[in-house]
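**Student:** okay, predicted coordinates and the sequence, questions at the end:
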2 protein chains.
Amino acid sequence: MSVTKSRTPRNTLSSELIVRTALDLMEAKGTDAFSLRGLAAELGVGPMALYTYFRNKDDLYDAVRDHLMALVPPVPADVDWKDQVRAVCRGLRALMLQHPCLAQLLGSRPLSGHETARVAEGLLGVLRSAGFDAEAAARTHTTLFTYVLGATSWEIQMAAERRDPEAWRRLRTTMESLSAKEFPTVVDLAPELARTTGGDEQFDYGLDLLLAGLELRRPS
Amino acid sequence: MSVTKSRTPRNTLSSELIVRTALDLMEAKGTDAFSLRGLAAELGVGPMALYTYFRNKDDLYDAVRDHLMALVPPVPADVDWKDQVRAVCRGLRALMLQHPCLAQLLGSRPLSGHETARVAEGLLGVLRSAGFDAEAAARTHTTLFTYVLGATSWEIQMAAERRDPEAWRRLRTTMESLSAKEFPTVVDLAPELARTTGGDEQFDYGLDLLLAGLELRRPS
DNA sequence: CGCTGTACTATACAGTGTACGTTAGGGAGG
DNA sequence: CCTCCCTAACGTACACTGTATAGTACAGCG
């Protein structure tokens, strides 16, 4: 997190401002193109000024992640437990789609931070209330989280690839060069595979599979 | 893929050798620490020599990925379709655990390549034979793939973090600093959450949920 | 033999994260 | 008020990255 010894933040900078600007830059230029030097330049400041507030780049990433996780909506009350789970998963997914950098931030760093714990608390509470014991709730939480993370990261990745015309063209041609003799099913299902790469229906398909499986083993 | 115009590979180098050495380096030093210059040095060659065989770093990554995907075992015959799916998913997971770089390679680049298609062919064939129509097979394939990718990448990520004592200590302390008043369920389930982060049981738990859900909607 | 094509080298550039030492300006104590 | 100190921010520097470009030496073919 931030160092926050700042009894006297002299003027221009603050952790808040740095995190918000970093987020803006990541979304404008792409997460991979983000650099501390670019961020410092955007803030009109030398690169080393940032090290007063964050001990390194990963520390800043963690702060940005927690900043985003604060936007995950709270669990809705007065609905079926399955719809509560659905709401949490969809909420996280929607946030990842809206802020693609979140996918990379969640996948490349361990979970920590206040807001991340808040989201976990909501989901775990739903599962416990639905009757799952401690172990099942923990296992289910991990399963749901990794599913949302994997499915949505993949979707974002593919969407990014589709926007790069050069990469997209190469992908299509290599796809079509696959021998129909060697891989008949892949060639046969190519349209369906292309269509089911991402989208709300695809996400809900997998989520519903998980929920159906959960329903079967829910105690009473 | 490789450029492979090499009618006369003068002496030392070849695509095969480069890919194998790259893989060794990634596993020895960690995927993030891998660099083209380090690879070239290991091969006793200038950095630019690699560009005769690969047009850039990503192209090399794709070759390494396909090299690894060739190690995914074939689908076992003469068992239940669910066990076939289980075998494919577990095989891919085992390979990712054995070669952690595969997780990053799969997650950060689009699927392409001969061996990747082979794995897809196997799984899709199983699903079609089990009675799923084209769309369901494609959706299920994507769901299973993203689940395996997400769950296993996460597991690898957490295992790496656990090996870094500094990061692990910081994670524990921030975990324990969470207020039991604000996040009662998280604090209560902390042991279970720590225990269910990874491991074969955790992976199979989620996989079985998916398979149970699939069974319910399998035609006849 | 000379010519062409190519495996590899050498040099260079623009960029990265960050360690280290310095400067400047506000708050607190005399 | 003056002084001292603390620290936010600066400047410089280093070791590194991927790769564009130009050059070199050797294989095979006429």
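**Tutor:** Looks like it arrived, so ask away. Numbers count the residues shown, from 1 in each chain, chains lettered A, B, ... in the order given.

**Student:** the inter-axis angle of the longest helix belonging to chain A versus helix B:134-163?
**Tutor:** Across chain A, the longest stretch assigned as helix under DSSP state H is helix A:134-163. On the basis of axes from the mean of the first three to the mean of the last three Cα atoms, to 10 degrees, helix A:134-163 is oriented at 110 degrees to helix B:134-163.

**Student:** quick one: buried residues of helix A:134-163?
**Tutor:** A:134, A:136-158, A:161 (16 or more other Cβ atoms under 10 Å in any protein chain shown). (Glycine included, C-beta is placed from N, CA and C.)

**Student:** what's the first helix or strand after it?
**Tutor:** Going down the chain from helix A:134-163, the next helix or strand is helix A:165-176, by DSSP states H and E.

**Student:** so does that following helix get close to chain B?
**Tutor:** Yes - for helix A:165-176 and chain B, the contact criterion (Cβ under 8 Å from any Cβ of the partner chain) is met by A:167, A:170-171, A:174-175.

**Student:** please pick the buried ones from these.
**Tutor:** For those, buried by 16+ other Cβ under 10 Å: A:167, A:171, A:174-175.

**Student:** which two of those residues have the greatest separation?
**Tutor:** A:A167 and A:M175 (12.4 Å; Cβ to Cβ).

**Student:** near DNA strand C, which residues of chain A?
**Tutor:** A:8, A:10, A:34-38, A:47-48, A:51, A:56-58 (Cβ under 7 Å from any atom of the strand).

**Student:** can you give me how far the helix or strand encompassing A:R37 is from the chain middle?
**Tutor:** Element membership of A:R37 [criterion: DSSP H and E] is helix A:36-42. Going by Cα atoms, centre = their mean, to the nearest Å, the spacing between the C-alpha centre of helix A:36-42 and its chain's C-alpha centre is 24 Å.

**Student:** that one - contacts with which helices or strands?
**Tutor:** helix A:15-29 (3 or more Cβ pairs under 8 Å, 6 or more residues apart in numbering or on different chains; DSSP states H and E).

**Student:** and the contacts of stretch A:12-23?
**Tutor:** Contact with stretch A:12-23 is made by A:2, A:4, A:6, A:34, A:39, A:42-45, A:49-50, A:52-54, A:60, A:63-64, A:67-68, A:99, A:101, as judged by Cβ atoms under 8 Å, 6 or more residues apart in numbering or on different chains.

**Student:** just the buried residues out of those, in PyMOL syntax.
**Tutor:** In PyMOL, a selection of the buried entries from the contacts of stretch A:12-23 looks like this (16+ other Cβ under 10 Å):
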select buried, chain A and resi 2+34+39+43+50+52+53+54+60+63+64+67+68+99+101
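
**Student:** just the contacts of stretch A:12-23: which are in helices?
**Tutor:** A:39, A:42, A:60, A:63-64, A:67-68, A:101.

**Student:** which pair in these spans the largest distance?
**Tutor:** Farthest pair in those, by Cβ to Cβ: A:E42 and A:L68, 18.6 Å.
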